[in-house]
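1. Starting from these lines, generate the structure:
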Amino acid sequence: MKDRSMKPESLMMSYGYKPELSEGAIKCPIFLTSTFVFKSAEEGKSYFELAYGKREKLPGEEMGLIYSRINNPDLEILENRLRLWDRAEDCAVFESGMSAISTVLLEFLKPGDLLLYSSPTYGGTDHFIHHFLPKIGVQTLGFTSEMDEADLEQAILSSGKAQQLAHVHLETPANPTNALIDIAMVRRVVDRIPTEEKVSIAVDNTYMGPLWQHPLDHGADLVLYSATKYIGGHSDLIAGAVLGNAELMLRVKTLRTFLGNMASPHTGWMLLRSLETLKIRMEAMQANAVLVADFLKQHPKVEKINYLGLLEQGSRDREIFERQCSGPGAMVSFHIRGGESEAFQFLNSLQLIKLAVSLGGTESLAEHPKSMTHAGVAEEHQEQMGVTDALVRLSIGVENHEDLIYDLSQALDTVKIREVTHQ
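-> Residues are numbered from 1 along each chain as shown. Model (predicted):
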């Protein structure tokens with residue numbers, strides 16, 4: 001057994017935790033403490049030297065506990081377990097997904113730099129990119145999934161800011177359209193751009209969670225999560241996570257220390273609980289989503305459906321999906337025939353599926369992106385993204401699939417499609 005490499009789901013109950021250090025408790029306790037006692041002044045000095053980067057770790061040396069803004073057992077054990085899914089060298093957990101995203105953007109961008117980002121992206125991220133970063137002198141350049149390798153390279157070079165390119169933020173699949181970005185293609189392009197330093201690439205992997213896509217395997221430097229979603233999985237906490245190699249994560253963790261936006265010990269403990277069932281939850285959600293998508297694609301009141309499991313064979317998106325993802329996930333969006341009125345009729349008629357934002361919880365949720373999660377996105381950008389009045393987003397949970405399909409069916413039955421008259 002000592003030589004066997006265990007799968008992540010087998011390690012989620014025990015990895016990184018020593019019961020003998022906690023009175024034999026089989027589960028890690030919640031360490032509700034602000035500070036930790038040093039055995040000696042010399043030990044305290046040694047810990048702070050590591051914490052502030054004044055020296056390198058000695059062989060076999062571990063970072064000691066100092067203060068819960070810097071480290072805490074619940075967070076350290078959580079981070080050690082979470083990194084197993086993405087095979088990352090290090091992980092940092094934050095108090096929200098947006099704090100994880102904003103910390104990375106602030107660390108890897110400075111005034112005068114250019115940020116390359118994929119569109120569409122989550123509404124909060126879109127707002128930060130368009131309304132905050134310009135205030136600190138960061139320039140931005142967006143691109144879409146329709147652009148191929150030559151198009152993307154030309155867009156960067158013709159921007160006049162190619163030499164200032166410093167960081168790339170990708171969201172794939174995109175919220176809420178499931179648009180796919182080829183991570184390896186973006187890596188090839190930015191590596192050809194003549195910049196002073198290597199350009200870092202971060203991928204928001206929230207839609208696929210740690211199970212169905214591993215961006216670090218495809219050329220990304222960092223992977224980001226709203227841990228509120230699949231990782232938390234029960235709609236009862238707010239958290240974020242960043243994972244990557246040790247060198248970049250040291251920068252992320254250092255800024256986290258001084259911004260003070262790490263997750264609390266209680267949140268860390270709850271996420272440890274959630275990791276134990278992550279794989280079985282996500283597999284159940286995906287199985288339901290496949291059946292729900294098959295139902296919706298055949299419904300006469302559904303005009304168009306966005307689901308990775310229904311990508312056309314032989315298409316560019318299908319090729320990216322098969323190379324980059326291990327499953328189609330549990331997020332479905334569709335355009336109902338009509339517009340906002342029809343979408344609202346549908347949403348207001350759901351009984352089992354709850355009308356709420358967020359995703360990745362055990363319960364199924366439905367929302368209207370244009371007026372809810374993406375309300376802060378400029379209207380012209382909404383149209384370009386495919387975020388229309390008719391778009392509905394579904395996060396499929398673990399309920400019985402027959403009950404989910406019944407609820408969708410009865411809600412669609414209530415929708416009265418307006419007749420359009422031409423004069």
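2. care to break the chain down by domain?
-> Split into domains by automatic domain parsing, the chain comes to 68-275, 279-413.
3. Of these, flag the one that's most buried.
-> domain 68-275 (a mean of 20; mean count of other C-beta atoms under 10 Å). C-beta: built from backbone N, CA, C; applies to glycine.
4. who's in contact with residue 260?
-> Taking C-beta atoms under 8 Å, 6 or more residues apart in numbering, we find residue 260 in contact with residue 69.
5. and what of residue 363?
-> Counted by C-beta under 8 Å, 6+ apart, residue 363 has contacts 235, 354, 397-399.
6. How is it assigned, secondary-structure-wise?
-> Secondary structure, DSSP: H, G, I helix; E, B strand; the rest coil: residue 363 is coil.
7. Helix or strand: which one has the spatially closest residue to residue 299 that is not a sequence neighbour?
-> Of all residues not flanking residue 299 in the chain, residue 412 sits nearest, at 6.0 Å (C-beta to C-beta, 6 or more residues apart in numbering). Element membership for residue 412, per DSSP states H and E: helix 401-413.
8. List the contacts of that helix.
-> 287-288, 291-292, 295-296, 299, 301-302, 336, 346-347, 349-353, 364, 396-397.
9. same thing with stretch 311-330?
-> 145, 148, 172-173, 180-184, 207-209, 211-213, 218, 282, 285-286, 288-290, 293, 307-309, 360, 395-397.
10. what does stretch 17-34 give?
-> 67-68, 72-74, 77, 265-266, 269, 272.
11. Mind doing that once more with 6 Å?
-> Applying C-beta atoms under 6 Å, 6 or more residues apart in numbering, the contact partners of stretch 17-34 are 68, 72-74, 77, 265-266, 269, 272.
12. now do stretch 222-237
-> Looking at stretch 222-237 with C-beta under 6 Å, 6+ apart, the contacting residues turn out to be 86, 97, 100-101, 202-206, 209, 215-216, 238-244, 267, 270, 274, 281-282, 359-362.
13. Return the subset of the contacts of stretch 17-34 lying in helices.
-> 73-74, 77, 265-266, 269, 272 (DSSP state H).
14. and the two most separated of these?
-> 77 and 266 (13.8 Å; C-beta to C-beta).
15. Okay, now the unreliable bits of the protein?
-> 1-3, 419-423 (pLDDT under 70).
16. Redo the contacts of stretch 17-34 as a markdown table? Include distance to residue 385.
-> Output for the contacts of stretch 17-34, formatted as a markdown table (distance: C-beta to C-beta, whole Å):
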| residue | distance to residue 385 |
| --- | --- |
| 68 | 40 |
| 72 | 39 |
| 73 | 42 |
| 74 | 38 |
| 77 | 39 |
| 265 | 38 |
| 266 | 36 |
| 269 | 37 |
| 272 | 36 |
